[in-house]
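Participant: Following is a predicted model, sequence given first.
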Protein chains: 2
Amino acid sequence: MVQVIQVPNHVDNFDPILEARRIWRERGWTEADLGMALVTSIARVDQINMKKIESNLRPLKLTFARFELLRLLSFTRKGSLPLSRVGNLLQVHPTSVTNAVDRLEAQHFVERTAHATDRRMTLVNILPAGREIVETATEILNREVFANTGLDASTGEQLLHLLTSLRAASGDFSH
Amino acid sequence: MVQVIQVPNHVDNFDPILEARRIWRERGWTEADLGMALVTSIARVDQINMKKIESNLRPLKLTFARFELLRLLSFTRKGSLPLSRVGNLLQVHPTSVTNAVDRLEAQHFVERTAHATDRRMTLVNILPAGREIVETATEILNREVFANTGLDASTGEQLLHLLTSLRAASGDFSH
DNA sequence: CTAAAACTTTATTACGTCAAAATATAGGAT
DNA sequence: ATCCTATATTTTGACGTAATAAAGTTTTAG
């Protein structure tokens, strides 16, 4: 009996990033070859992570962007925030917030309400159905994605530390 | 004299990722808090990297996706590849390749040509203007982005090693 | 009171994915 | 060899996300 092994198309016989780095070196770009490999590796890992997350969220009719917004709201005392504050905290463009809130409102997971004193602002307020779905989604992501990183705990902590250094170096947060 | 310090809106008084991890722990999600922080950090670093890259590429009227395609073609012997092979090597969806090739063709950086023997395939072939722009773009990215990672070389190598482990654990390449 | 700033929205553009369709090739059975 | 079915490849259309530019409303500061 012959064993048939299914190999996904995207799996190739070598590491494309290592290969690219070899070419960079070959051309004498030795100031940049490591940085190129780092940036490319991070992009690729992110792509893999996001694909896993989105596929787990799809049955709930949520995307990661909308999940993050619901998660953020569920952590606030009042369950509501000004749109501008959402954009700040999630590091996304104001128009993206408007867009996400539009969709979540259509799903009846949130509603827009007026700010008590500043009429320039609009608040987004999480609704019971939103709280319910975000709890379910978090359980699923914790179990199916976040609990299985492929690294042991101490290696993971080491990686987290390096990534935090990188973000600090880019001024991602005050330190 | 009072010194005025301009603080970008997105910079907050703490690290939002660390804060999120604290909340995760508070809720007893101790299997997942590290993974959540890792996935989120990677996403954020990628976002920072891509923003830098795209802003450097914008004056050339290139996006990173199109730059990568040109770069790949410029490294091949004949300067051409089947679309399907491009998708494989760059790990992107076939429709994304079609889309990118459409735009690059409109810019006269590449052209589509027929495969000699297999008429199902379409080749994408880099044109002289494409070779020229990709050389310029590579110089700029090497200098402005890849040469300044914010980490010293040995720390960078360490980070690269961890990222490669992560990709390996996800079956990103055969090893 | 007026000008500047803050906040949100609309319209446009770009990019990526999925689902499905269209075309071409390959392999096995007759 | 021919036919039939499965596979491979590319494209089209629909949708979600995100960014930019511009406009509208409200507040703040001088």
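Facilitator: Great, that's in hand.
Participant: May I have the phi/psi pair for A:Thr63?
Facilitator: The phi and psi values for A:Thr63, taken as degrees, to the nearest 10, are phi -110, psi 170.
Participant: Distance-wise, check it relative to B:Pro82.
Facilitator: Counting by Cβ to Cβ, to the nearest Å, the gap from A:Thr63 to B:Pro82 is 32 Å. Where C-beta positions appear, they are placed from N, C-alpha and C, glycine not excepted.
Participant: which residues does the residue nearest to A:Phe173 when sequence neighbours are not counted contact?
Facilitator: Of all residues not flanking A:Phe173 in the chain, B:Asp15 sits nearest, at 4.4 Å (Cβ to Cβ, 6 or more residues apart in numbering or on different chains). Contacts here follow Cβ atoms under 8 Å, 6 or more residues apart in numbering or on different chains; on that basis B:Asp15 touches A:Thr164, A:Arg167, A:Asp172, A:Phe173, A:His175.
Participant: Tell me where chain A has helices.
Facilitator: A:16-26, A:33-57, A:64-74, A:83-90, A:94-106, A:128-141, A:153-169 (DSSP state H).
Participant: Just put the ones you listed in TSV and tack on mean pLDDT, mean neighbour count and distance to DNA strand C.
Facilitator: Below are the helices of chain A laid out as TSV (pLDDT from 0 to 100; neighbours: other Cβ atoms under 10 Å in any protein chain shown; distance: least, Cβ to the nearest atom of the strand, whole Å):
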stretch	mean pLDDT	mean neighbour count	distance to DNA strand C
helix A:16-26	93	16	15
helix A:33-57	93	20	6
helix A:64-74	95	21	12
helix A:83-90	94	18	3
helix A:94-106	95	16	4
helix A:128-141	95	17	17
helix A:153-169	94	17	22
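Participant: List just the one of these that sits closest to B:Pro94.
Facilitator: helix A:33-57 (15.4 Å; Cβ to Cβ).
Participant: quick one: is that closest one near DNA strand D?
Facilitator: No. With Cβ under 7 Å from any atom of the strand as the criterion, DNA strand D is not reached by helix A:33-57; the gap is at least 8.8 Å.
Participant: before we move on, the earlier item: next, format the helices of chain A as JSON lines and append distance to chain B.
Facilitator: Converted to JSON lines, the helices of chain A look like this (distance: least, Cβ to the nearest Cβ, whole Å):
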{"stretch": "helix A:16-26", "distance to chain B": "6"}
{"stretch": "helix A:33-57", "distance to chain B": "3"}
{"stretch": "helix A:64-74", "distance to chain B": "8"}
{"stretch": "helix A:83-90", "distance to chain B": "6"}
{"stretch": "helix A:94-106", "distance to chain B": "10"}
{"stretch": "helix A:128-141", "distance to chain B": "8"}
{"stretch": "helix A:153-169", "distance to chain B": "3"}
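Participant: what would those helices look like in JSON lines with distance to B:Leu72?
Facilitator: Below are these laid out as JSON lines (distance: least, Cβ to Cβ, whole Å):
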{"stretch": "helix A:16-26", "distance to B:Leu72": "9"}
{"stretch": "helix A:33-57", "distance to B:Leu72": "12"}
{"stretch": "helix A:64-74", "distance to B:Leu72": "28"}
{"stretch": "helix A:83-90", "distance to B:Leu72": "33"}
{"stretch": "helix A:94-106", "distance to B:Leu72": "30"}
{"stretch": "helix A:128-141", "distance to B:Leu72": "33"}
{"stretch": "helix A:153-169", "distance to B:Leu72": "26"}
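Participant: A:His115: which of these is closest?
Facilitator: That would be helix A:83-90 among the helices of chain A, by Cβ to Cβ, at 9.9 Å.
Participant: Just the CA coordinates for that closest one, please, in PDB.
Facilitator: Extracted C-alpha coordinates of helix A:83-90, given in PDB (Å, rounded to 0.1, in the frame of the first residue of the first chain):
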ATOM      1  CA  LEU A  83     -15.200  56.800  18.800                       C
ATOM      2  CA  SER A  84     -12.000  58.800  18.900                       C
ATOM      3  CA  ARG A  85     -10.900  57.000  22.000                       C
ATOM      4  CA  VAL A  86     -11.400  53.700  20.300                       C
ATOM      5  CA  GLY A  87      -9.300  54.700  17.500                       C
ATOM      6  CA  ASN A  88      -6.500  55.800  19.900                       C
ATOM      7  CA  LEU A  89      -6.600  52.600  21.900                       C
ATOM      8  CA  LEU A  90      -6.800  50.200  18.900                       C
END
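Participant: what helices or strands is that helix leaning on?
Facilitator: Contacting helix A:83-90 under the criterion 3 or more Cβ pairs under 8 Å, 6 or more residues apart in numbering or on different chains; DSSP states H and E are the following elements: helix A:64-74, helix A:94-106, strand A:122-126.
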